[in-house]
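[1] A predicted structure for the sequence below; I have some questions about it.
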Amino acid sequence: MPPPPKPGVIPLAPLKLADILGGAFGTTGRYWKQLLGIGGAAYGGTLAVVAVTALIAYGAAGEHLRRLLELSADEDPATGDIVPVLTGLGAVWLVGAVTFVLATALVYAAVPAVLQEAVLGRPTTFSAVWRRAWSRVPSVAGTVILVSLVVMIPVVLAMVGFIALMISVITLDSAGAAVLWSAFGLLGALATAPLAAWLWVKFSLAPSAVVFEGLRPVAAMRRSAQLVRGDWWRIFGIALLALAMAAVASYMIQMPFSFLGMFSGAIGGAALAEDPNPASIVLAMSGYMVIMLLGQLVGQFISATFPQLVIGLLYVDRRIRTENLGPVLAEAAAAAPTPYGPHGP
């Protein structure tokens with residue numbers, strides 16, 4: 001029996017684990033410029049927006065911050081100084097959160113757009129990937145938010161339990177309401193964690209369905225549930241392995257940035273010891289923060305791209321297994337480019 005055709009990074013047949021991981025690495029190797037370009041534009045743009053917002057906030061509340069930093073240990077801060085500083089910090093956090101979600105949605109949309117060409121063995125350009133990914137950002141962002149809200153339930157409950165536990169420890173109120181809240185939160189997290197994991201896997205293929213098939217968030221989640229049915233444990237295991245591999249790679253890449261950050265902080269600390277004024281404090285912290293942010297951005301790029309490449313290939317695999325997509329993909333690889341649809345590439 002002849003081997004299945006392989007016009008791109010995977011054979012057009014039901015995929016084994018080695019095929020999926022090899023396809024993810026192969027896509028990264030062949031299309032690294034497009035992926036890196038999208039990731040750099042997305043997360044670099046996020047960093048730039050947050051930096052501009054921080055500068056604006058500092059310009060608006062810098063004088064209040066300076067007065068707070070100049071307070072002695074026995075002086076109480078004025079409410080007129082605290083409120084502007086907290087407002088500025090809240091604005092920076094909000095802008096950062098929104099832009100980070102949009103950046104992640106852009107990367108999540110770009111990965112299936114690249115995979116579509118990688119599976120068929122066709123070249124693509126940064127501009128083509130950008131246009132296709134950008135057009136799907138709203139739907140991908142909506143899908144990511146909906147799935148995240150479901151998955152975050154046990155995390156929120158665990159945070160409630162942890163905060164309540166800390167309150168009970170600090171106040172030594174072992175029989176108070178804090179203990180009850182702590183038990184409720186921790187038990188609730190344990191009870192809902194399996195459900196959250198089940199739902200996460202059930203809807204994990206939704207971002208790929210958004211891009212490949214042009215679906216909206218709710219329809220993409222229904223499509224993901226349909227494709228995952230009957231193969232939950234396999235998808236869970238492979239996705240978990242991809243997340244672990246990305247986490248290890250991200251940690252190893254961030255280590256040099258951590259060392260550079262500590263070196264920069266040591267230099268800034270020496271300068272701060274000689275001249276402990278607010279400007280020196282900001283200067284000492286800025287170098288450390290910039291280096292650590294760069295490390296976080298590189299790590300986030302790896303964490304966002306590799307697992308999504310694996311999940312995108314799982315999406316293709318499920319369609320090959322359940323919808324006999326392999327022959328259609330083989331025809332498409334030899335023909336003119338055709339967009340993915342519900343029953344075709």
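    Yep, that arrived.

[2] Any buried residues in stretch 134-143, and which?
    Residues of stretch 134-143 classed as buried: 136-137, 139-143 (neighbour count, 16 or more other C-beta atoms under 10 Å). (Glycine included, C-beta is placed from N, CA and C.)

[3] Ok, stretch 215-233 next?
    215, 217, 219-221, 223-224, 227-228, 231.

[4] Give me the distance between it and the centre of its chain.
    20 Å (C-alpha atoms, centre = their mean, to the nearest Å).

[5] taking the mean pLDDT, what do you get for that stretch?
    Stretch 215-233 carries an average pLDDT of 94.

[6] again, but for stretch 151-162
    68.

[7] same deal with stretch 323-338?
    On average, stretch 323-338 scores 78.

[8] Equivalent analysis for stretch 92-107, please.
    Here the average pLDDT along stretch 92-107 is 90.

[9] which other residues reach it?
    Residues external to stretch 92-107 that are found in contact with it (C-beta atoms under 8 Å, 6 or more residues apart in numbering): 38-39, 41-43, 45-46, 49-50, 53-54, 57, 133-134, 137, 140-141, 144-145, 301, 304-305, 308.

[10] One more: stretch 305-313?
    Around stretch 305-313, the neighbours that count as contacts under C-beta under 8 Å, 6+ apart are 10, 15, 19-21, 23-24, 27-28, 35, 39, 107-108, 111-112, 115, 119, 204-205, 207-208, 238-239, 241-243, 245-246, 249.

[11] what residue ranges in the stretch 151-300 of the chain score low on pLDDT?
    154-155, 157-189, 191, 261-290 (pLDDT under 70).

[12] which residues touch Val228?
    201-202, 204-205, 235, 318.

[13] quick one: it from Tyr315, how far?
    10 Å (C-beta to C-beta, to the nearest Å).

[14] which residues are common contacts for these two?
    What both Val228 and Tyr315 touch, as defined by C-beta under 8 Å, 6+ apart, is the set Leu205.

[15] coming back round to it: ok, so of the contacts of Val228, who is nearest Ile153?
    Lys202 (14.4 Å; C-beta to C-beta).

[16] roughly how far out does stretch 61-70 sit from the chain middle?
    With C-alpha atoms, centre = their mean as the basis, stretch 61-70 stands 34 Å off its chain's centre.

[17] ok, and for it, which residues are buried?
    61-62, 64-65, 67-68.

[18] so which helix or strand takes in the spatially closest residue to Arg67 that is not a sequence neighbour?
    With sequence-adjacent residues excluded and distances taken as C-beta to C-beta, 6 or more residues apart in numbering, Arg67 is closest to Asp81, at 5.2 Å. In the assignment (DSSP states H and E), Asp81 maps to helix 79-120.

[19] where's the residue lying closest to Leu325 once chain neighbours are set aside, which helix or strand?
    Leaving aside its sequence neighbours, Leu325 sits nearest to Arg319 (C-beta to C-beta, 6+ apart; 4.2 Å). Assigned by DSSP H and E, Arg319 belongs to helix 278-323.

[20] Compute the inter-axis angle for that helix and helix 79-120.
    30 degrees (axes from the mean of the first three to the mean of the last three C-alpha atoms, to 10 degrees).
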